[in-house]
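Engineer: here is a sequence together with a model predicted from it:
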Amino acid sequence: MIQAYIDRLVAYGLKTGLIEKADKIYTANRLLELLGLEAPEDDSSDMQGHGTESDDSDSEEQAAGAELEQILAGMLDYACEKGLISENSITYRDLFDTKIMGLLVPRPSEVIEQFWSLYQKSPQAATDYYYTFSRDTDYIRRYRIARDEKWTTATEYGELDITINLSKPEKDPKAIAAAKNAKQAGYPKCLLCLENEGYAGRMNHPARQNHRIIPVTINGSRWGFQYSPYVYYNEHCIVFNSKHIPMKIEHDTFCKLFDFVKQFPHYFVGSNADLPIVGGSILSHDHFQGGHYEFAMAKAPVEEAFSIKGFADVEAGIVKWPMSVIRLSGSDTGRIIALADKILDTWRGYTDEASFVLAETDGEPHNTITPIARKRGDKYELDLVLRNNITTKEHPLGVYHPHAELHHIKKENIGLIEVMGLAVLPARLKAEMAALKQAILSGSDLRADEALAKHADWVEAFLPQYEKVDAANIDGIIKDEIGHVFLRVLADAGVYKCTPEGREGFRRFVAAVDTRES
């Protein structure tokens, strides 16, 4: 069967354009080498020439009807059987199938040349090509992304996106042990470094032979452009500094965000905050995230406009959103950036004890901003989300972080993606919600179940709100209630609450910006 899988993978490469007909024999021979074969196992393979349309039609049709996952699974099973893979586990299999796909992927220079050639036609033509390419190479594992559970929940702030992340494979015990005992290479320094391109990977670092990075110049500096392998939303991209330097929100950040948006006006782009708790999972490498998607926060209206002295040409206002968001809008990005600088500088040193906003404690700074830039029509927008990472004995993980009563659903940091209205929830919830469904329908005691006990208070609070709960509506009810928990998560993360007192505190900060000397 292995020869059939080789033939089908070659045909897949031809169909997707990863290889050309002139590459057919070469690619097949490289696959034979990788799989420890000196020659095709039978005479069915067309290895005699580069082929013609008629020669390839059957194999192309076969590949068109087969999913890449099935082809790779067959090749991986063979590799395990022949001892080419140390352990038949997801970590080892991922390392090997990436090596397989790397044999079909063009050199970086070819991909870069094609991208910028298409860019001359339009930025969207270039990103359309690159996004398709990143999926065809299996860098974005489409079959895993499809397993993610996704839905939306209607709220007073718009439709919140909810996803249970099932596409990140969980480490098996043997791989964890091997990674622990492995020599700490320190190369690449992190998952966002340029050196990941083409890297073979190891137990504690994914393989990237099938990965290609597009170099971009942003605000006069060298950056890389790629897609997230987990694609939490449409064309979820990552833009990262070519240098391994820490995240920092400053004047240049705003300049870089708008420079990227000007080059790719169909994309939004934003940055995680630069402090722990309110920042992203990788603070050690300067990077942004963007994509071709409109989140609920971007759709949310300004509920209270205000003006800042000296900036009559920049529209400003408080956004109707559970977190604390200032939206700036105008045609001149330089003027938007100048006002953003003033807001950031004010916020960094701003203290308002009445609102429990402390700029620092014991010399540790707490205030920062999560910025998001986009183009809307002929104008540019910059959303500035006010963040504060202070902790207390009552809230040791953060005052403006999901509170303990919500940790049964979401305990992790609220980064850029969540801020904009997309909940990325842990994989454990899939099994827990299935069990919860059965327990509710059967009337079981949730507190007697170790796995479900943490959900008991939540279920006991929402069930009485429904006149009827049965097999026909239980799934929708659980999903909606998870969405409403996420809304509470966002409210917890908001520095100024959507209450009269909260809005008054927000206005005091705006007044401080207005009176601050530039």
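Structural biologist: Looks like it came in fine.

Engineer: let me see the contact set for the nearest residue to His401 once chain neighbours are set aside.
Structural biologist: Closest residue to His401 apart from its sequence neighbours, by Cβ to Cβ, 6 or more residues apart in numbering: Ile277 at 5.8 Å. Just so you know, the C-beta spots here come from the backbone N, C-alpha and C atoms, and that holds for glycine as well. Counting by Cβ atoms under 8 Å, 6 or more residues apart in numbering, Ile277 touches Asn389, Thr391, Leu397, Gly398, His401, Asn413.

Engineer: ok, 6 Å please
Structural biologist: Asn389, Gly398, His401 (Cβ atoms under 6 Å, 6 or more residues apart in numbering).

Engineer: same check, this time on Glu235
Structural biologist: Contacts of Glu235 (Cβ under 6 Å, 6+ apart): Tyr131, Gly291, His292.

Engineer: tell me the secondary structure at the first one.
Structural biologist: Following DSSP: H, G, I helix; E, B strand; the rest coil, the label given to Tyr131 is helix.

Engineer: what number of residues lie near it?
Structural biologist: Counted with other Cβ atoms under 10 Å, residues neighbouring Tyr131 total 19.

Engineer: which is the next helix or strand following the helix or strand of the chain with the lowest mean pLDDT?
Structural biologist: Least confident helix or strand, the chain: helix 53-64 with a mean of 40, by mean pLDDT, DSSP states H and E. Proceeding N to C from helix 53-64, the next assigned helix or strand is helix 68-81, under DSSP states H and E.

Engineer: angle of the helix or strand just after that following helix against helix 68-81?
Structural biologist: Downstream of helix 68-81, the next assigned helix or strand under DSSP H and E is helix 90-102. Here the directions of helix 90-102 and helix 68-81 differ by 110 degrees (axes from the mean of the first three to the mean of the last three Cα atoms, to 10 degrees).

Engineer: pull out the buried residues from whichever helix in the chain runs longest.
Structural biologist: When the chain is parsed with DSSP state H, its longest helix is helix 474-493. Of all the residues in helix 474-493, those buried under the rule 16 or more other Cβ atoms under 10 Å are 474, 477-493.

Engineer: now swap in stretch 340-354 and tell me
Structural biologist: Ala340, Lys342, Ile343, Leu344, Thr346, Trp347, Arg348, Tyr350, Asp352.

Engineer: now do the nearest residue to the fourth one once chain neighbours are set aside against Lys379, distance only.
Structural biologist: Spelled out, that is Leu344. Counting by Cβ to Cβ, 6+ apart, Ile369 is the residue found nearest to Leu344 once chain neighbours are left out, at 5.6 Å. Plainly put, Ile369 is 21 Å away from Lys379 if you go by Cβ to Cβ, to the nearest Å.

Engineer: so between these two, which is more surrounded?
Structural biologist: Ile369 (24 against 14).

Engineer: pretty sure the more buried one sits in a strand.
Structural biologist: Yes. Under three-state DSSP, Ile369 sits within a strand.

Engineer: tell me the pLDDT of it.
Structural biologist: Ile369 is assigned a pLDDT of 98 by the prediction.

Engineer: OK, contacts around it?
Structural biologist: By Cβ under 6 Å, 6+ apart, the contact list for Ile369 reads Ile249, Leu344, Leu384.

Engineer: if we go to 10 Å?
Structural biologist: Neighbouring residues of Ile369 by Cβ atoms under 10 Å, 6 or more residues apart in numbering: 249, 253-254, 271, 273-275, 278, 324, 326, 340, 343-344, 347-348, 383-387.

Engineer: what of Arg141?
Structural biologist: Applying Cβ under 10 Å, 6+ apart, the residues contacting Arg141 are 68-69, 72, 94, 97-98, 135, 147, 167, 169, 229-231.

Engineer: and these, which is the shakiest by pLDDT?
Structural biologist: pLDDT across the contacts of Arg141 is at its lowest for Pro169, which sits at 65.

Engineer: ranges for the helices of the stretch 301-450 of the chain?
Structural biologist: Ranges of helices within the stretch 301-450 of the chain are 333-348, 416-419, 428-442, based on DSSP state H, counting those that start in this stretch.

Engineer: what's the following helix or strand after the last one?
Structural biologist: The one in question is helix 428-442. Counting by DSSP H and E, what follows helix 428-442 is helix 456-462.

Engineer: for that next one, packing partners?
Structural biologist: helix 428-442, helix 474-493 (3 or more Cβ pairs under 10 Å, 6 or more residues apart in numbering; DSSP states H and E).

Engineer: show me what counts as buried in that helix.
Structural biologist: So, applying 16+ other Cβ under 10 Å, buried residues of helix 456-462: Ala456, Trp458, Val459.

Engineer: mind checking how far the second one is from Glu432?
Structural biologist: When distance is defined by Cβ to Cβ, Trp458 is 11 Å away from Glu432.

Engineer: low-scoring stretches of the stretch 101-250 of the chain, by residue?
Structural biologist: 169-184 (pLDDT under 70).

Engineer: now do the strands in it.
Structural biologist: For the stretch 101-250 of the chain, the strands defined by DSSP state E, counting those that start in this stretch cover 149-155, 158-164, 214-218, 221-227, 237-241.

Engineer: Phe264 against Ala126, yeah?
Structural biologist: Yes. Contact criterion Cβ atoms under 10 Å: Phe264 and Ala126 qualify, at 8.4 Å.

Engineer: what do these two both touch?
Structural biologist: With Cβ under 10 Å, 6+ apart as the test, Phe264 and Ala126 both reach Tyr119, Phe225.

Engineer: Leu382 bridge partners, please.
Structural biologist: Beta-bridge pairing for Leu382 (DSSP bridges): Leu328, Ala373.

Engineer: wait, which of the helices and strands packed on helix 456-462 is closest to Asp286?
Structural biologist: Across the helices and strands packed on helix 456-462, Asp286 has its closest neighbour in helix 474-493 (22.7 Å, Cβ to Cβ).

Engineer: for the closest one, packing partners?
Structural biologist: Partner elements for helix 474-493 (3+ Cβ pairs under 10 Å, 6+ apart): strand 149-155, strand 158-164, strand 379-388, helix 416-419, strand 422-425, helix 428-442, helix 456-462.

Engineer: contacts for the last one next, please.
Structural biologist: Helix 456-462 is contacted from outside by 405-406, 408-409, 436, 439-440, 445-449, 452, 469, 477-478, 480-482, 484-485, using Cβ under 10 Å, 6+ apart.

Engineer: distance from it to the middle of the chain?
Structural biologist: 31 Å (Cα atoms, centre = their mean, to the nearest Å).

Engineer: please apply the same query to the longest one.
Structural biologist: Computed by Cα atoms, centre = their mean, the separation of helix 428-442 from the middle of its chain amounts to 27 Å.

Engineer: show me what counts as buried in it.
Structural biologist: Neighbour counts using 16+ other Cβ under 10 Å place Leu429, Lys430, Glu432, Met433, Ala435, Leu436, Ala439, Ile440 of helix 428-442 among the buried residues.

Engineer: how about the fifth one: what's its closest non-neighbour residue?
Structural biologist: Yep, that's Ala435 we're talking about. Leaving aside its chain neighbours, Ala435 sits nearest to Leu452 (6.0 Å; criterion: Cβ to Cβ, 6+ apart).
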